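Chemist: Sequence and computational prediction follow.
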Protein chains: 2
Amino acid sequence: MIGMRTVRRMVSLLSRTSQIRNGSRIPKSSPPLVSLDLPDEWSSNFIQSDSPPPKCSDNATARIIDGISEAEQIRSSIAVEVSRMKESTGKVPGLAVVLVGQRQDSLAYVRKKIMACHEVGFRFSLSELPESCTEEEVCDALSNYNKDASIHGILVQLPLPQHFDEGKILNVLSLEKDVDGFHPLNIGNLAIQGREPLFIPCTPKGCIQLLLRSDVEIVGKRAVVIGRSNIVGLPTFLLLQRHHATVSIVHAYSENPEMITREADILVAAAGVPNLVRGSWLKPGAVVLDVGINPIEDPESENGYRLIGDVCFEEAVKIASAITPVPGGVGPMTVAMLLQNTLEAAKRALHFT
Amino acid sequence: MIGMRTVRRMVSLLSRTSQIRNGSRIPKSSPPLVSLDLPDEWSSNFIQSDSPPPKCSDNATARIIDGISEAEQIRSSIAVEVSRMKESTGKVPGLAVVLVGQRQDSLAYVRKKIMACHEVGFRFSLSELPESCTEEEVCDALSNYNKDASIHGILVQLPLPQHFDEGKILNVLSLEKDVDGFHPLNIGNLAIQGREPLFIPCTPKGCIQLLLRSDVEIVGKRAVVIGRSNIVGLPTFLLLQRHHATVSIVHAYSENPEMITREADILVAAAGVPNLVRGSWLKPGAVVLDVGINPIEDPESENGYRLIGDVCFEEAVKIASAITPVPGGVGPMTVAMLLQNTLEAAKRALHFT
């Protein structure tokens, strides 16, 4: 069953593609790629699984990959490095965040970053702007941080309100301080063999660190990344590929996503769709990293909601060999990697090794 | 059967990975990605196929995708555009090539580019440097072309002799004239949704044009790219992904490359290994683009050799629904796309639409 929204989207896409085709006899350049961009809205036909669950022992239980404990170890080692840096140079790493508007999830993320910075001894600076502010005001805030020698890492809390040109704003950010690693030059250098990005985006880097720390073999293995966002799916693909996995990206327009996902030895689910990945989507013994953080209503919870992942944990835990929980899996690693990137930036700026 | 060279490489890689792991309890940053880079040497175990050929009618014959004729149409339309530009601005597009050394294949490619430029009315400039020249001399040649207003596109004929730092040299090239599209910023913008590269690398662009012109549906289809070179495999992956295929990259370290390749509705073979892809590797009805151009000895040929692709044509033509021949498939499209990119560059520089 395909929802009407999907059908409308496909029709619009097909008509665009056929314009391309009809026009292809004249020597015009390829259509602008942005004209092909589509919102990755996962239609409901992805979300229900009719397949029988794979055979597995009732007692099979995946190893839980404990992101909280891994991240804690990384953070405490960073704290040691910060002390060493302070003793030797009198300076500490500094992180600045530009936050536009009052999204509850963004506020929660920023709060986590502030706490993490304090814990490891970083300086932290927050520039809060109202949703009604102009692009120029955001760019000014970034420019000031670019010039500020006590700030080594800067990030714009995404998503920005819709009326902002994200690309234009991110372009203002100094490459040496782009600790999120989202600048196209960083992404290009992440993609190209023989090149080195200044920073690897935090969530993908956290995913790889969890795999390495869990002794998961990556070289030659089938990896599937579900979702192709610029900040998680795409750079995770690129990073797994640099680590010599055989990687596929599944997205909202993929045919047979369930079948493709079932080929994965390593699965990274980053679609932002609660419980998208059912037990039947998994190859028995797969390693599952669940990047999704989806709030769902829960009257029994204190806030009226709780967070669940993109993977149906109760089913997956019986099929996978290892899995990250939500919360407590990839999330804490993302923050730890942000600290790690900021420490690296400070070391580079201060010529401290 | 895995060759000794492969084993040695894997051992070296594993020891590097285990260093990473042993070190992962201290807060050092992820290992430099370049330290993970491996040469993609395809071991002989990839090259023999033991699987029975897929069932197909003896008479089944794939449609031949005629790259020569498609490229000719594009070139003749470019010639029309050049006349229009000359009439209106008094200027024509200009392409410059920097060639280091005397590789026979490079000389042959450059000759083809010169002929193509003359045919469509472009200005062409060649800077030939001896293999013994310095990096500085190559950079100087590039800088001169960067400043030359009559030159709109510049490329360095790759591969450069081994002792050159390719990345450093390509960095000198003006982004606005990077008609090969290999600059990391171009690759980053090719990767990121919502961004637009100034130029799309020629061979990947040629592949997509062949698919579009042959009315091959791309959206949602399984695409497999064999090979992950910076100039073909990787950007072809990125471009197919922007066109909403579900793409996987198979490389020399992939386990079960044959099985993965057999899932492809669209196959782009760009490993540089003659006859790597046998009939048994193909899904019946697949569309096959063969990017390989491999010289093999042939005493009956005039030059003592002939060119074959990465795909065993005689077998593939019975299984695929459409296939590009070698020569006469993707090759001519690559040159046509170079002309198209140079025309685009000239139009941008001259503000001519």
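Modeler: Cool, the structure landed. Numbers count the residues shown, from 1 in each chain, chains lettered A, B, ... in the order given.
Chemist: Now do stretch A:345-353, average pLDDT.
Modeler: For stretch A:345-353, the mean per-residue pLDDT is 97.
Chemist: Quick check: buried residues in that stretch?
Modeler: By 16 or more other CB atoms under 10 Å in any protein chain shown, the buried positions in stretch A:345-353 come out as A:Ala345, A:Ala346, A:Lys347, A:Ala349, A:Leu350. (Each C-beta comes from the backbone N, C-alpha and C, glycine too.)
Chemist: Let me know the next secondary structure element after the longest helix anywhere in chain A.
Modeler: For chain A, the longest helix by residue count, based on DSSP state H, is helix A:67-89. For helix A:67-89, the succeeding helix or strand toward the C-terminus, using DSSP states H and E, is strand A:94-100.
Chemist: Please list the residues outside the next helix or strand after that next one that contact it.
Modeler: Scanning forward in sequence from strand A:94-100 by DSSP H and E, the next helix or strand is helix A:104-120. In this structure, residues lying in contact with helix A:104-120 by CB atoms under 8 Å, 6 or more residues apart in numbering or on different chains are A:75, A:78-79, A:82, A:95, A:97, A:99, A:123-124, A:126, A:157, A:159, A:295, A:335-336, A:338-339.
Chemist: ok, residues contacting the helix or strand that helix A:104-120 is followed by?
Modeler: Using DSSP H and E, the helix or strand that follows helix A:104-120 in sequence is strand A:123-129. Applying CB under 8 Å, 6+ apart, the external contacts of strand A:123-129 come out as A:92-101, A:110, A:113-114, A:117-118, A:137-138, A:141, A:144-145, A:148, A:150-151.
Chemist: Point out the other helices and strands that the longest helix of chain A packs with.
Modeler: Counting contacts by 3 or more CB pairs under 8 Å, 6 or more residues apart in numbering or on different chains; DSSP states H and E, helix A:67-89 packs against helix A:104-120, helix A:202-213, helix A:330-350.
Chemist: and of those helices, who's closest to B:Arg262?
Modeler: Of all the helices and strands packed on helix A:67-89, the one in closest proximity to B:Arg262, counting by CB to CB, is helix A:202-213 (27.1 Å).
Chemist: Weed out the non-buried ones from the contacts of strand A:123-129.
Modeler: For the contacts of strand A:123-129, a burial check counting by 16+ other CB under 10 Å picks out A:92-101, A:110, A:113-114, A:117, A:138, A:141, A:145, A:151.
Chemist: What score does whichever residue of the stretch 251-353 of chain A sits closest to chain B have for pLDDT?
Modeler: The minimum distance from the stretch 251-353 of chain A to chain B, using CB to the nearest CB, falls at A:Ser254 (4.1 Å). Per-residue confidence (pLDDT) for A:Ser254: 94.
Chemist: now it: how far from B:Gly220?
Modeler: Taking CB to CB, to the nearest Å as the criterion, A:Ser254 is separated from B:Gly220 by 6 Å.
Chemist: Name the residue in those two with the higher neighbour count.
Modeler: A:Ser254 (24 against 18; other CB atoms under 10 Å in any protein chain shown).
Chemist: I'd like to know how many residues surround the residue nearest to the more buried one when sequence neighbours are not counted.
Modeler: Nearest residue to A:Ser254 in three dimensions, chain neighbours excluded: B:Thr246, at 4.1 Å (CB to CB, 6 or more residues apart in numbering or on different chains). A count of nearby residues for B:Thr246, using other CB under 10 Å, gives 28.
Chemist: Same question for A:Glu128.
Modeler: Neighbours of A:Glu128 under the rule other CB under 10 Å: 15.
Chemist: what's the answer for the one 3 residues further on, then?
Modeler: Residue crowding around A:Glu131 was assessed by other CB under 10 Å; the count is 12.
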